[in-house]
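Trainee: here is a sequence together with a model predicted from it:
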Amino acid sequence: MLKKGFAFISALIALLGYTVCFAAGESSNIKAEALFDAALDRAISEAALDRAISEYEIPAISWVFVSPEEVIYQGVKGTKVIGGETPVSINDPMHIGSNTKAFTAYLAAILVIKGKIDWDTHVSEVFPEIPKEKANNYGQATLSNLLSHRAWIKPMTGEEEFSEIPEKFMDTELSPKKAMELRKGFVYKMLELPPSPAEDGKEFRYSNAGYVLAASMLEKVSGKPWEELMTEFVFKPLEIDAIFGWPGKHDSKGVYGHIPGKDGQLIPDDPNGENTIPTIFGPAGDLSLSVLDYGKWLMENLKCLQGESKVLTREYCQLLHFGAAKDNRFPMGWGSKFKEGLGRVSTHSGSGGTFLSYAIIFADKGRAIGATFNSANTDAILAFKDIYPAFKEAVVPGEK
């Protein structure tokens, strides 16, 4: 049976992932720095979160605002379950959906630095037993292209696409070792299908499956499951206490995601129910982080963009966020743009259908924002848009 929630991971990205809007305005860079000098009780406030909770009936919100050196603001509001009495705390993990892709790309960069693999390594080099004719159909399926959605692997975002693969790939209870084995089988299955190139002259076609293939390549060259690699090379060095899967699946008293009921009102989603994400798709969108750990992750990205990371080089961090035109490389795990008054901005959003998460990096201003909601309906999107203008006003004075 198709786990319906997974289809939302990319569906929401198509709507939100690279489209957080920033007004260019007429202001100078000096004025733009008001973001960092303005009183935070105006830019981010407990009142703003309270208002979003009450006006949009969002169960809970977490919000973090950081510089490379410190957490400037972090806050949570709301309850773990709608209508419940247990408040969400800053220690409670919430699901970040496809923002997991940035973590997988970060891991890939570490393994490239360690000489385990190269950005131009083709999937057939890692899996030489793949039939030559199948590999030739995907001549562009290199590690960097898989991570930047340019390998033309089938997106795997809808029920029709999932119907083309065996049921075994939909298992949601696999051990890391078993998931590693099955991801390898998924690589072969994907390459049996015809390529799915971008349409209408677009540069990329978003693919959850592409990240599964990339993760499988990392597993093969290292001999370890993605889950173990993430723990060893990302979570431990950054002192991040992330979990794989829904928070409520690990702890029945954890934060629950929510979906619309028959009457349209939000109801708690069973973390062990039909919306559970298949284990092999974890690298594409199945991590949960507390607001404390989300802040650490955003701070690490700011640090490595400034060449101050103890884990990743500035060169590779710049590559992940902004690509490298001279090498025909594109951002991996992020979408990016240059905005007047702001400089380079990279952003992504993610959802597995029951949570919604945003990450926004102001690379040239040394600040980042992270927000997560334990619902992913239209009201959650509107709540974010209601809170965010305070930042926009601070970045570009006069813009609402």
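Mentor: Happy to help now that I have it. What you are looking at is a predicted structure, and each value in this text was computed from that prediction instead of being measured. Residues are numbered from 1 along each chain as shown.
Trainee: helices of the stretch 1-150 of the chain, start to end?
Mentor: Counting by DSSP state H, counting those that start in this stretch, the stretch 1-150 of the chain has helices at residues 7-16, 29-32, 34-37, 40-43, 46-56, 100-113, 123-126, 132-137, 143-147.
Trainee: where does pLDDT dip in the stretch 1-150 of the chain?
Mentor: Scanning the stretch 1-150 of the chain with the threshold set as pLDDT under 70 gives 1-45.
Trainee: which residue lies nearest the spatial centre of the chain?
Mentor: Centroid check for the chain by Cα atoms, centre = their mean gives Asn99 as the closest residue, at 0.6 Å.
Trainee: ok, that one to Pro131 distance?
Mentor: Applying Cβ to Cβ, to the nearest Å, the value for Asn99 to Pro131 is 35 Å. Any C-beta I mention is one placed from the backbone N, CA and C, and that applies to glycine too.
Trainee: and Cys317, that one's in a helix?
Mentor: Yes. Assignment of Cys317 by DSSP: H, G, I helix; E, B strand; the rest coil places it within a helix.
Trainee: give me the number of residues near it?
Mentor: Neighbours of Cys317 under the rule other Cβ atoms under 10 Å: 23.
Trainee: now do the SS call for the residue nearest to it when sequence neighbours are not counted.
Mentor: Using Cβ to Cβ, 6 or more residues apart in numbering and skipping residues adjacent in sequence, the residue nearest Cys317 is Cys304, 3.6 Å away. Cys304 carries the three-state label helix when classified by three-state DSSP.
Trainee: what's the burial count for Cys304?
Mentor: By other Cβ under 10 Å, the residues close to Cys304 number 24.
Trainee: wait, it sits on Leu312?
Mentor: Yes. With contact defined as Cβ atoms under 8 Å, Cys304 counts as touching Leu312 (4.5 Å).
Trainee: just to be sure, Ile360 is in a strand?
Mentor: Yes. Counting by three-state DSSP, Ile360 falls inside a strand.
Trainee: that one bridge partners, please.
Mentor: Beta-bridge pairing for Ile360 (DSSP bridges): Thr347, Ile369.
Trainee: mind listing the strands for this structure?
Mentor: 60-66, 71-78, 94-95, 243-244, 258-260, 266-268, 287-289, 335-339, 343-350, 356-362, 367-373 (DSSP state E).
Trainee: for the fourth one, packing partners?
Mentor: To tie it back to what came earlier, the one meant is strand 243-244. With contacts taken as 3 or more Cβ pairs under 8 Å, 6 or more residues apart in numbering; DSSP states H and E, strand 243-244 sits against strand 287-289.
Trainee: next, format the strands of the chain as a markdown table and append mean neighbour count.
Mentor: What follows is these, written out as a markdown table (neighbours: other Cβ atoms under 10 Å):
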| stretch | mean neighbour count |
| --- | --- |
| strand 60-66 | 27 |
| strand 71-78 | 18 |
| strand 94-95 | 30 |
| strand 243-244 | 19 |
| strand 258-260 | 19 |
| strand 266-268 | 19 |
| strand 287-289 | 29 |
| strand 335-339 | 17 |
| strand 343-350 | 23 |
| strand 356-362 | 25 |
| strand 367-373 | 26 |
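Trainee: same list (the ones you listed) but as JSON lines, adding distance to Ser175.
Mentor: Formatted as JSON lines, those follow (distance: least, Cβ to Cβ, whole Å):
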{"stretch": "strand 60-66", "distance to Ser175": "30"}
{"stretch": "strand 71-78", "distance to Ser175": "32"}
{"stretch": "strand 94-95", "distance to Ser175": "21"}
{"stretch": "strand 243-244", "distance to Ser175": "11"}
{"stretch": "strand 258-260", "distance to Ser175": "28"}
{"stretch": "strand 266-268", "distance to Ser175": "27"}
{"stretch": "strand 287-289", "distance to Ser175": "17"}
{"stretch": "strand 335-339", "distance to Ser175": "33"}
{"stretch": "strand 343-350", "distance to Ser175": "24"}
{"stretch": "strand 356-362", "distance to Ser175": "26"}
{"stretch": "strand 367-373", "distance to Ser175": "27"}
